[in-house]
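*Asks:* A predicted structure for the sequence below; I have some questions about it.
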2 protein chains.
Amino acid sequence: MTDSLFIRACFKQPTERTPVWIMRQAGRYLPQYRAVRAGHSFTDMYKTPDLATEVTLQPLDILGVDAAILFSDILVVPEAMGMELNFLEGKGPVFADPLRTEQQLKNLNAVEATRDLDFVMQAIKQIRRALGDRVPLIGFCGAPWTLATYMVEGGASRNYRHIKEWRFKRPDLLENLINRITESLIAYCRAQMDAGAQAIQIFDSWAGLLDAEGFERFALKPVKKLLAAIRRPGVPLIYFPKGGMLWLEKLNQLDADVIGLDWNVDPVEAQRITAGRFALQGNLDPTALYADPEQVRRHTLKMLAAFGDGTGHVANLGHGILPDIPVESARAFVETIQSESAAFRKTEQAG
Amino acid sequence: MTDSLFIRACFKQPTERTPVWIMRQAGRYLPQYRAVRAGHSFTDMYKTPDLATEVTLQPLDILGVDAAILFSDILVVPEAMGMELNFLEGKGPVFADPLRTEQQLKNLNAVEATRDLDFVMQAIKQIRRALGDRVPLIGFCGAPWTLATYMVEGGASRNYRHIKEWRFKRPDLLENLINRITESLIAYCRAQMDAGAQAIQIFDSWAGLLDAEGFERFALKPVKKLLAAIRRPGVPLIYFPKGGMLWLEKLNQLDADVIGLDWNVDPVEAQRITAGRFALQGNLDPTALYADPEQVRRHTLKMLAAFGDGTGHVANLGHGILPDIPVESARAFVETIQSESAAFRKTEQAG
């Protein structure tokens, strides 16, 4: 798998074309996913290796993407730390008791990943067996700041009052919480790699809530620690700070291989700022897939052009695919990248 | 009023201290506002000059801010263009028939501001009389892209599916809509200045939804046109692209006096990128006001320090004040700026 398109692109090695996968590619926009989901709760799906394997592989057959990503949820870690988690229909994930006091913080467990999250490791092993040498498997986790936000808010939030109170009123508690999450994530990511994950993506979905100083202290610092602790040869590490494109220059200090770009940022700018330190992943606006397939093709070509010759580019959307996207649009996105990206490669060797 | 702290700071003229006002300063966090609101609908409040005047002046007495801002709503313009607008308790503004078809687009009226929005002009005149020479009055409007978003979505939205469909599938319709909104805004802003508005702020609250190319085409281009059309001597023009801090460099082409900064951006960076072309307004995280007054004071001092010597800085939050902020925290913010900012000024003349 180290010679797969995806892994080579993550390490900025030459590839004959640009690899592509889609965040949330195993998701509700797929009729085949909805068929599985109809018979099982979301929780059952990610806790049952058979089901997780089935839906993880669906987009390979339907879209032909160049990487698989473990079907799971970032909130399994807070759950393993002792927080009761429920997925409510139409409301998304909700913690029964949001983390609001120092005592609750003290009561959190440190995750022992192979024991507490064995269902994830079993799913990874089973998916790897099912994949064979087809495409690599990406494992993932939520970033410390993002998990802290979910834990303190407890669920969907309008103004993120509670986590922001911690940020501005009790930064000591927030730092303590983030340190504890980071320790658990280190164990969790290592266990995923032991089980067979061939890349790790860290989703910092709430990076955009922060101010510049807060981003450095509560998002970047723990991610730096996490990346350094889980580094292994041959396993690319991807950091995706959604809404954090303003701070690309600060990311230059990270020991990551790939930076995920959201759709706000111009790839030309991102390449300039990161100056070749990382491969870049992204970044078509997920809502561009509401357009007709022929328009999706044009939007996708424009994105490819913005990434120059395409070396060190892992094509993706700039955030997860939305549940009401037509499958044919997703397919147009993948097909355009796979059929057209080779034409952007430098052709010196032909001269 | 041209020698007021606020107007001078907007034009980057020297001021002995930094002026401060707060976005949404006439709002629900004030008990005195809630007392008025208890007896009247939100619509009645902004359509009745007596009531609009009363609440516009409240924060002057309660907080002692250095500028007043008209109590109104950005959606009066789409309403005057013919869209039925309702404010539903707990749901915010909702258009009865969201704009989704070419026919609806054709049916929109061009606003004749003094006729269609006379209640705004009457409010401005009455507020100016009540203010006398106390502080200047800021008028405002929503930016074309932001109003288009509200009109097409119809109300609160999760993924902004409809406006994004227009952006990626029917950019021709979107451009047409934005042009029509811009024409109405030109008339509206001119009428506000005729009535007595001493500065104009353009709120681009949904700038952050866009991709880089979309921001240039659908947000920046019409704002450039709007600013050029309404420019008058002595009346500062403020553009606030919330969530658009990634594109500060592109703003350098605007004929604005002041750029509003949201809380994401580091003021030092913003000053570097805009290179003295504009005064800068902002930008403490509104949720920092959840902290205790003594902490608010420290967060505010840190903000002041980030703006250097403070010339060309109009202090504000990085977005509107939230409804559940304690008044004493808002007061600590204002008082800190008013009592401490002079100390940041350059002291060459003293040497």
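*Replies:* Nice, thanks for sending it over. Residues are numbered from 1 along each chain as shown, chains lettered A, B, ... in the order given.
*Asks:* what pairs with the host helix or strand of A:Phe140, parallel or antiparallel?
*Replies:* Using DSSP states H and E, A:Phe140 maps to strand A:137-142. Strand A:137-142 sits in its sheet next to strand A:68-69 (parallel), strand A:199-204 (parallel), going by DSSP bridges.
*Asks:* okay if I get these as JSON lines plus distance to B:Leu70, mean neighbour count and mean pLDDT?
*Replies:* In this view, the C-beta of every residue, glycine as well, is placed from N, C-alpha and C. Formatted as JSON lines, those follow (distance: least, CB to CB, whole Å; neighbours: other CB atoms under 10 Å in any protein chain shown; pLDDT from 0 to 100):
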{"stretch": "strand A:68-69", "distance to B:Leu70": "50", "mean neighbour count": "24", "mean pLDDT": "98"}
{"stretch": "strand A:199-204", "distance to B:Leu70": "39", "mean neighbour count": "25", "mean pLDDT": "98"}
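*Asks:* related to what we said a few turns ago, quick one: mean pLDDT over the strand holding A:Phe140.
*Replies:* Average pLDDT, strand A:137-142: 98.
*Asks:* so how far is the helix or strand that comes right after it from its chain's centroid?
*Replies:* Per DSSP H and E, strand A:137-142 leads on to helix A:144-153 as the next helix or strand towards the C-terminus. Put simply, helix A:144-153 sits 16 Å off its chain's centre (CA atoms, centre = their mean, to the nearest Å).
*Asks:* list the buried residues for helix A:144-153?
*Replies:* A:144-153 (16 or more other CB atoms under 10 Å in any protein chain shown).
*Asks:* helices and strands around that helix, which ones?
*Replies:* helix A:76-80, strand A:92-95, helix A:161-169, helix A:171-195, strand A:199-204, helix A:221-230 (3 or more CB pairs under 8 Å, 6 or more residues apart in numbering or on different chains; DSSP states H and E).
*Asks:* hey, least reliable of these by pLDDT?
*Replies:* When I compare these, strand A:92-95 is least confident, with a mean of 92.
*Asks:* partner strands of it and their direction?
*Replies:* strand A:85-88 (antiparallel).
*Asks:* identify the residues contacting the strand it pairs with?
*Replies:* A:41-43, A:75, A:78-79, A:93-96 (CB atoms under 8 Å, 6 or more residues apart in numbering or on different chains).
*Asks:* how about that strand as PDB, C-alpha atoms only?
*Replies:* Output in PDB follows, covering the C-alpha atoms of strand A:85-88 (Å, rounded to 0.1, in the frame of the first residue of the first chain):
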ATOM      1  CA  LEU A  85     -23.400   9.400  24.400                       C
ATOM      2  CA  ASN A  86     -26.700   9.200  22.600                       C
ATOM      3  CA  PHE A  87     -27.500   9.800  18.900                       C
ATOM      4  CA  LEU A  88     -30.900  11.300  18.700                       C
END
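*Asks:* now do that strand, average pLDDT.
*Replies:* On average, strand A:85-88 scores 92.
*Asks:* re earlier: relative to helix A:221-230, how tilted is the strand holding A:Phe140?
*Replies:* 140 degrees (axes from the mean of the first three to the mean of the last three CA atoms, to 10 degrees).
*Asks:* whichever of the contacts of strand A:85-88 end up buried, select them in ChimeraX.
*Replies:* Burial among these is assessed by 16+ other CB under 10 Å; the matching ChimeraX selection reads:
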select /A:75,78,79,93,94,95
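*Asks:* distance from stretch A:101-110 to the middle of the chain?
*Replies:* The answer for stretch A:101-110 is 27 Å, by CA atoms, centre = their mean.
*Asks:* give the buried residues for it.
*Replies:* Buried-residue list, stretch A:101-110, by 16+ other CB under 10 Å: A:104-105, A:108.
*Asks:* so of the residues you listed, which ones are in helices?
*Replies:* A:104-105 (DSSP state H).
*Asks:* can you get me a residue count around A:Gly208?
*Replies:* 20 (other CB atoms under 10 Å in any protein chain shown).
*Asks:* isn't there a helix covering it?
*Replies:* Yes - under DSSP: H, G, I helix; E, B strand; the rest coil, A:Gly208 sits within a helix.
*Asks:* returning to what we had before: right, so of the strands paired with strand A:137-142, which gets closest to B:Ile62?
*Replies:* strand A:199-204 (38.8 Å; CB to CB).
*Asks:* which residues does the closest residue to A:Asp50 other than its chain neighbours contact?
*Replies:* Closest residue in space to A:Asp50, ignoring its immediate chain neighbours: A:Gln126 at 7.3 Å, by CB to CB, 6 or more residues apart in numbering or on different chains. Contacts for A:Gln126 were tallied using CB under 8 Å, 6+ apart; they are A:49-50, A:52-53.
*Asks:* most surrounded residue in those?
*Replies:* A:Ala52 (24 neighbours).
*Asks:* sticking with that residue, tell me its helix or strand.
*Replies:* Judged by DSSP H and E, A:Ala52 forms part of helix A:49-62.
*Asks:* send me that helix as CSV with only the CA atoms.
*Replies:* The C-alpha trace of helix A:49-62 is given here as CSV (Å, rounded to 0.1, in the frame of the first residue of the first chain):
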residue,chain,number,x,y,z
PRO,A,49,-17.5,-4.6,12.8
ASP,A,50,-19.6,-6.4,10.2
LEU,A,51,-21.7,-3.3,9.6
ALA,A,52,-18.8,-0.8,9.8
THR,A,53,-17.0,-2.9,7.2
GLU,A,54,-19.9,-3.1,4.9
VAL,A,55,-20.5,0.7,4.8
THR,A,56,-16.8,1.5,4.7
LEU,A,57,-16.5,-0.4,1.5
GLN,A,58,-19.6,0.9,-0.2
PRO,A,59,-18.1,4.0,-1.7
LEU,A,60,-15.3,2.0,-3.2
ASP,A,61,-17.7,0.0,-5.3
ILE,A,62,-20.1,2.9,-6.0
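*Asks:* got a list of contacts for that helix?
*Replies:* Here helix A:49-62 has contacts from A:21-22, A:25-26, A:30, A:32-33, A:36, A:40, A:44-46, A:65, A:68-72, A:119, A:122-123, A:125-127, A:130-131, A:134-135, A:137, A:327, A:331, using CB under 8 Å, 6+ apart.
*Asks:* all set now, cheers.
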